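A.B. asks: What follows is a predicted protein model with its sequence.
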Amino acid sequence: MRRSVLGGALLSALWPFLASRLLVWIGTEAIAPLLPQAHYYADFWRPANPILRRLFHFDAQYFAVVTHFGYRGGPVPPLPPTAYRTSFLPLLPFLARLLGGSDWALLAVTNLAFLAALTILYLLARRHLDESPSRLLLWILALGPASIFFSYAYSESLLLLGIAGTLYGLDAKRPGLAGAAALFGAMSRVPGVLLAVPLAVEAWRGGRRLPALAATLAPILGLAIVSLLEWLLAGDPLGWLHGQLHWVLGVHRNPLFPIGQFGEALLRLDPTRIEAYGFPLLVAFAAGTAWALRRLPPGYGLFAGANLVLDVSQAYAVGGFEAIPRYLAVVVPCYFAFASWLAPHRLLRVAWLGVSAAALLLFASLFGSSRFVG
């Protein structure tokens, strides 16, 4: 790839990255202190730098603990036991340690990964869309409300980078790149193993050549490496699975509760009811998946569909839809649909991005005040 092409893609990604990250920072650090504070009962990590404290709620705390103490170190309590820490895969803490192992290093890794993902996504989008929709795709993703998690100490930005790299490698007929990116994605978050779906589809369509077939095994190998590391570091090769079971609450709710939450939020005019966003987002991403199945290579749509099934299953398993926006934020093929739909309609495009930016500020402020369990 020419440096000029990569440089142009980086410049295209830089503006949506900077604008959206500024909104995240304003929401988390400037608006959140003005809201009622939830004082979340499970907070156990308080960074020494007060500027960082609002950025380390919920899952971000676990990644901080693993980065600083590993899977077994540190006082328990107040820190969580090993069985809970193993839900959080070692790739993000490992990369943070390469940059010094501080809380700032965790944030540097996630933000740099997000910028890299946007850059690759622009290159990928230009293979399927014109320049204007390709730029729009980046803005839609960067201003998405759940993109707050690409700037906190969560592993979503690493998974997004793995997905973008895998799809770009497949499009460019570079199975080595696609396999390496899929390995990276599967080591960042367990749903990254679903990257085997587009890899297998393209291997089948391409005549089942050896490099493509080998690339198909890369995400499985990535999860196997995670199992090996967690066995060595925590004593449980299936810690990533056993740890997740601690979040399966066994709550029995009406299967239609996502619709009910959405309707109740509308009736009460309550935009802070995070669970209410799950149903409309699922509808939007289901429509995007249907579009991807018809307009993009088959592996794209099948990958999106597999993600939707997994995300909904996981949400029902834990008994709540609060995390659905975060789960869906990395389903890359759907953003091609959103950009294609909005590109011809200027007023609708401006309205969408404006509402999305406002929701991004809202989500960031709710997270910073411990009122958004994502």
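C.D. replies: Structure received. Quick caveat, the model's predicted, so the values are computed rather than measured. Numbers count the residues shown, from 1 in each chain.

A.B. asks: Only C-alpha atoms from now on, for both contacts and neighbour counts.
C.D. replies: Noted.

A.B. asks: so where do the helices sit in the stretch 101-250 of the chain?
C.D. replies: Secondary structure of the stretch 101-250 of the chain (DSSP state H, counting those that start in this stretch): helices at 103-125, 131-142, 156-171, 175-188, 196-205, 210-216, 218-234, 239-244.

A.B. asks: Least reliable of those helices by average pLDDT, please.
C.D. replies: The minimum mean pLDDT among those belongs to helix 210-216 (a mean of 85).

A.B. asks: which other helices and strands contact that helix?
C.D. replies: helix 175-188, helix 196-205 (3 or more C-alpha pairs under 8 Å, 6 or more residues apart in numbering; DSSP states H and E).

A.B. asks: Quick one: residues contacting the closest residue in space to G206 that isn't next to it in sequence.
C.D. replies: Of all residues not flanking G206 in the chain, A212 sits nearest, at 8.0 Å (C-alpha to C-alpha, 6 or more residues apart in numbering). The contact partners of A212, by C-alpha atoms under 8 Å, 6 or more residues apart in numbering, come to 175, 199-200, 202-203, 206.

A.B. asks: show me where pLDDT drops low in the stretch 251-374 of the chain?
C.D. replies: Applying pLDDT under 70 to the stretch 251-374 of the chain picks out residues 251, 373.

A.B. asks: and if we set it to 80?
C.D. replies: 251-252, 372-374 (pLDDT under 80).

A.B. asks: hang on, the earlier thing: minimum distance to G70: which of the helices of the stretch 101-250 of the chain has it?
C.D. replies: Among the helices of the stretch 101-250 of the chain, the nearest to G70 by C-alpha to C-alpha is helix 218-234 (7.7 Å).

A.B. asks: can you state the direction angle for the closest one and helix 175-188?
C.D. replies: Per axes from the mean of the first three to the mean of the last three C-alpha atoms, to 10 degrees, the angle that helix 218-234 makes with helix 175-188 is 40 degrees.

A.B. asks: quick one: the strands in the protein?
C.D. replies: Counting by DSSP state E, one finds no strands in the chain.

A.B. asks: center of it, which residue is that?
C.D. replies: E156 (3.0 Å; C-alpha atoms, centre = their mean).

A.B. asks: and the closest residue to that residue other than its chain neighbours, what pLDDT?
C.D. replies: The spatial neighbour of E156 that comes closest, neighbours along the chain excluded (C-alpha to C-alpha, 6+ apart), is F150 at 6.0 Å. Residue-level confidence at F150 comes out at 98, pLDDT.

A.B. asks: Can you get me a residue count around F150?
C.D. replies: 28 (other C-alpha atoms under 10 Å).

A.B. asks: Was I right to think it contacts L115?
C.D. replies: No. Counting by C-alpha atoms under 8 Å, L115 is not a contact partner of F150; they are 9.4 Å apart.

A.B. asks: and for the two, which residues touch both?
C.D. replies: Here F150 and L115 have no joint contacts, going by C-alpha under 8 Å, 6+ apart.

A.B. asks: For the closest residue to L136 other than its chain neighbours, give its distance to W291.
C.D. replies: Nearest non-adjacent residue to L136, counting by C-alpha to C-alpha, 6+ apart: A339, 5.9 Å away. As judged by C-alpha to C-alpha, to the nearest Å, A339 and W291 stand 11 Å apart.

A.B. asks: So those two - more neighbours on which side?
C.D. replies: A count of neighbours by other C-alpha under 10 Å puts A339 above the other of A339 and W291, at 23 against 18.
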